[in-house]
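Enquirer: Structure for the following, please:
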Amino acid sequence: MQEREPYRGRHFFAFNGDADGLCALQQLRLAEGERGTLVTGVKRDIRLLERIDARAGDRVTVLDVSHDQNRDACARLLRDGAAVRYFDHHFAGELPGDPRFDAYIDTSADICTSALVNRHLGGRHVRWAIVAAFGDELPALGDALAREYGLDDVERRTLAELGLYLNYNAYGECVGDLHFDPAALADAMLPCADPLDFVRDTPVFAALRDGYRDDMARACALAPLRDVPGATLIRMPDHPWARRATGMLANERMRNAPHAALAVLSPR
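Expert: Residues are numbered from 1 along each chain as shown. As a prediction, the model looks like this:
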């Protein structure tokens, strides 16, 4: 799809706050040189377009949130004259026929949004796409891209680790639960064309790593509320670290005991 001339109005980036959304945004901002206005939230914040007021001459780039969940807001933006560019791998439903709507959507099971952006950019910032693939739990895709672009095993493992921590950072009930606001994290990433520089040269990587490890140590130390053969019940306390760690703890326990029943209770 041929790109239009640059837009002269405001540019909004609406992106999922997880690894895939962050790394898709990073690739585009590096390639296109626009900081834009960032609209994001925790991983479960999907209806981001409701928060954007764009008009004729403005552009909205949407990354890693379902069009089906943003259908009405997307239609409103188009009616108001904005151009919408949509990169995503989730179910989209029927897409607008408006000429100001550009879709880069692929719902294949083995793809992520950052891989679609990488395809669009011809591999210009592929290392960030590799980070996203591992963070989005697509290790085969991450490994394939790493081999294609000649990364060694140490580089691959480092990018996979970064993907894990970026993705974990998005888990919580609200942005206040997170170690980093995803918008602030995106701006911390922006100076680093190579994610390995982000790992080596910024304090953010260490903060993400240490926050993840501390949260998981606390979560794994919780005594089950009930534990019988074949079934476990865990009650999480009402603390930010617990709201961050709930999903990862459940996944880890299910991996370790795939045939056992597990219930994790979280306060609301």
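
Enquirer: buried stuff in stretch 244-252?
Expert: Across stretch 244-252, burial judged by 16 or more other C-beta atoms under 10 Å covers 244-246, 248-250. For every residue, glycine as well, the C-beta is placed using N, CA and C.

Enquirer: So which of these are in helices?
Expert: Members of the buried residues of stretch 244-252 lying in helices (criterion: DSSP state H): 244-246, 248-250.

Enquirer: The closest residue to Arg10 other than its chain neighbours: how many residues sit nearby?
Expert: Distances taken as C-beta to C-beta, 6 or more residues apart in numbering put Asp58 closest to Arg10, at 4.6 Å, once the chain neighbours are dropped. By other C-beta atoms under 10 Å, 21 other residues sit near Asp58.

Enquirer: can you check the one 4 residues further on too?
Expert: If you count neighbours by other C-beta under 10 Å, Val62 ends up with 30.

Enquirer: now do Val39
Expert: The burial count assigned to Val39 is 19, neighbours taken as other C-beta under 10 Å.

Enquirer: for it, what are its contacts?
Expert: 12-15, 48, 51-52 (C-beta atoms under 8 Å, 6 or more residues apart in numbering).

Enquirer: and it, how far is that from Thr61?
Expert: As judged by C-beta to C-beta, to the nearest Å, Val39 and Thr61 stand 10 Å apart.

Enquirer: Could you measure from the nearest residue to Leu121 once chain neighbours are set aside over to Arg71?
Expert: Nearest residue to Leu121, sequence neighbours excluded (C-beta to C-beta, 6+ apart): Ala31, at 5.1 Å. Look at Ala31 and Arg71: by C-beta to C-beta, they are 28 Å apart.

Enquirer: can you pull out the strands in the stretch 51-200 of the chain?
Expert: 59-63, 83-88, 101-105 (DSSP state E, counting those that start in this stretch).

Enquirer: who does the last one touch, helix- and strand-wise?
Expert: Which is strand 101-105. For strand 101-105, the helices and strands in contact under the criterion 3 or more C-beta pairs under 8 Å, 6 or more residues apart in numbering; DSSP states H and E are strand 83-88, helix 113-120.

Enquirer: Save these as JSON lines, and put in mean pLDDT, distance to Glu137 and mean neighbour count too.
Expert: Below are the helices and strands packed on strand 101-105 laid out as JSON lines (pLDDT from 0 to 100; distance: least, C-beta to C-beta, whole Å; neighbours: other C-beta atoms under 10 Å):
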{"stretch": "strand 83-88", "mean pLDDT": "98", "distance to Glu137": "17", "mean neighbour count": "25"}
{"stretch": "helix 113-120", "mean pLDDT": "98", "distance to Glu137": "13", "mean neighbour count": "25"}
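
Enquirer: Many thanks, have a good one.
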